[in-house]
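>>> give the three-dimensional model of this entry:
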Amino acid sequence: MKVILSGGWTLGPVTPLLAIYEVVKEKYPTAEFVWVGTKNGPEKTLIERQGIKFVSFSAGKWRRYFSFVNIFDLFKILLGFFESLLFLRREKPNLCVSAGGFVSVPLHWAAKFKKIPTWIHQQDVRIGLANKLMAKSAKIITVALEENVKKFPVGKTFFLGNPVRQEILKGDKETARKMFGLSGAKPVLFATGGGTGSENVNMLVADAAEELKYVCEIIHLSGRERDHEKLEEIASKNSHYKTYNFFTEEMKHAYIIADLVISRGGFGTLTELSVLKKPAIIIPIPGHQEENVALLAKSGAVVLVDERVETGAGLAKLVKDILEDKEKMESMKNKLAGLIIIAKKENILDIFEKARA
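Prediction:
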């Protein structure tokens, strides 16, 4: 049996598929997996560390506004479709699975043409354009939020919850202390701007760092594609602040040691924070991530920060206030864990069998 997983450019479409991979691989140890990703995204390193064969295709992103770039990207999509046809002819998979991402669109269209079943998973509150484009040709559609079932075709759409990698739960605090050079004398703040990083989040954390010198130790995952010069300068002058540009195995250890997390508002990240029961300050990308975070913030499960108006000083004060309020931190953990439904292993396998049948 061979399964094609696809998605990339950011790690949003990647993490739930890795969770599905873990479950299926455990049930079918001899199953083969191939990952189709982007040429320049951060996913390649993460996927290959899992021992999964990685290939990249041309990927064009269709923008929902007028842009001349759409013309060039249309040709990329067409090229990706023909690359996909040749790839599927060679690999002869039993199933293609995606959680979004534009690299998946021509692949799933080609799979439909070749009569290969496909399964797409929708995480976010707002339906992504890639999933909208793949929905008609999909054999099975699953959603992380029950309210989104009605937004897809009846009869082939199922509420699953969001899959979470078991690997992310295997962090060790003592390993983390050694790995990140932590003293253990102060609480730990883990700040991340998502798989590709965020310049806005980086600058907010950097500006807050010196004001948090006597409050906490900071692990800052800044993103491979971002400017690190200022961050490294701050780190050289402040022993409580550590900056890194990319994590693979380190991620689970950063999570487990963190008393408080600052992150973007992708649904995969929110799900991981939920299952790990971590209080979090969420700085969503304006747009679809704000919709992900709105309900959680209203319920007191997370603290929402708007990057367009927040300052480093304001963020530092917020971090200090939360870390000093143990009751609030406990409440945030429990509320977040109660609001996001984690996909059960048996349900993932049931959907997998339906999809490949």
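
>>> after the helix or strand of the chain with the lowest mean pLDDT comes which helix or strand?
Least confident helix or strand of the chain, by mean pLDDT, DSSP states H and E, is helix 69-91 with a mean of 81. Counting by DSSP states H and E, the next helix or strand C-terminal to helix 69-91 is strand 95-98.

>>> direction included, what does that next one pair against?
The strands beside strand 95-98 in its sheet (DSSP bridges) come out as strand 2-6 (parallel), strand 118-122 (parallel).

>>> hmm, who's touching the last one?
Put plainly, it is strand 118-122. For strand 118-122, the surrounding residues in contact (CB atoms under 8 Å, 6 or more residues apart in numbering) are 16-17, 20, 95-100, 104, 108, 111-112, 128, 131, 134-135, 137-144, 148, 152, 160, 163, 351-352, 355. For the C-beta atoms, the positions are set from N, CA and C on the backbone; glycine is no exception.

>>> restricted to helices, list the residues you listed.
Judged by DSSP state H, those include 16-17, 20, 104, 108, 111-112, 131, 134-135, 351-352, 355 as members of helices.

>>> which one among the residues you listed gets closest to residue 238?
Checking those against residue 238 with CB to CB, the nearest one is residue 16 at 35.7 Å.

>>> show me what contacts the closest one?
99, 121, 123, 144, 162-164, 268, 271.

>>> now with 6 Å, please.
99, 121, 163, 268 (CB atoms under 6 Å, 6 or more residues apart in numbering).

>>> follow-up on the earlier one: tell me the helices and strands packed up against the least confident helix or strand of the chain.
If you count contacts as 3 or more CB pairs under 6 Å, 6 or more residues apart in numbering; DSSP states H and E, helix 69-91 packs onto helix 104-113.

>>> please identify the buried residues of the helix it packs on?
104-112 (16 or more other CB atoms under 10 Å).

>>> what's the average pLDDT for it?
The average of the pLDDT scores along helix 104-113 is 96.

>>> repeat that for stretch 230-240.
For stretch 230-240, the per-residue pLDDT averages 89.

>>> what do you get for stretch 130-137?
Mean per-residue pLDDT for stretch 130-137: 95.

>>> contacts for it next, please.
100-102, 105, 108, 112, 120, 122, 152.

>>> go on, stretch 162-177?
The contact list for stretch 162-177, computed with CB under 6 Å, 6+ apart, reads 16, 18-20, 22, 123, 144, 184, 252-253, 255-257, 271-272, 275, 342-343, 348.

>>> let's see 8 Å
By CB under 8 Å, 6+ apart, stretch 162-177 touches 15-20, 22-23, 121, 123, 144, 182, 184, 251-257, 267-268, 271-272, 275-276, 340-343, 348.

>>> check stretch 280-291 too.
Outside stretch 280-291, the residues that reach it (CB under 8 Å, 6+ apart) are 124-126, 128, 198, 200-201, 204, 260-266, 270, 273, 292-293, 296-297, 302-308, 310, 315, 318-319, 322, 332, 336.

>>> now, these that are in strands?
260-263, 303-304 (DSSP state E).

>>> most neighbours among the residues you listed, please name it.
Ranked by the number of neighbours (other CB atoms under 10 Å), the ones in strands among the contacts of stretch 280-291 place residue 262 first, at 26 neighbours.

>>> touching, that one and residue 198? I think so.
No: Residue 262 lies out of contact with residue 198 (CB atoms under 8 Å); the separation is 10.5 Å.

>>> below-threshold pLDDT in this structure: ranges please.
59-74, 195-196, 225-226 (pLDDT under 70).

>>> what about the strands in the stretch 101-250 of the chain?
118-122, 140-143, 157-159, 188-192, 217-221, 241-244 (DSSP state E, counting those that start in this stretch).

>>> tabulate those (JSON lines), appending distance to residue 78 and mean neighbour count.
Converted to JSON lines, these look like this (distance: least, CB to CB, whole Å; neighbours: other CB atoms under 10 Å):
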{"stretch": "strand 118-122", "distance to residue 78": "19", "mean neighbour count": "27"}
{"stretch": "strand 140-143", "distance to residue 78": "25", "mean neighbour count": "25"}
{"stretch": "strand 157-159", "distance to residue 78": "29", "mean neighbour count": "17"}
{"stretch": "strand 188-192", "distance to residue 78": "36", "mean neighbour count": "26"}
{"stretch": "strand 217-221", "distance to residue 78": "36", "mean neighbour count": "26"}
{"stretch": "strand 241-244", "distance to residue 78": "39", "mean neighbour count": "20"}
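
>>> looking at the ones you listed, which is closest to residue 227?
Of the strands of the stretch 101-250 of the chain, nearest to residue 227 by CB to CB is strand 241-244, at 11.3 Å.

>>> in its sheet, what does that closest one sit against?
Strands adjacent to strand 241-244 in the sheet, as given by DSSP bridges, are strand 217-221 (parallel).

>>> relative to strand 188-192, how tilted is the strand it pairs with?
Angle of strand 217-221 versus strand 188-192, following axes from the mean of the first three to the mean of the last three CA atoms, to 10 degrees, is 20 degrees.
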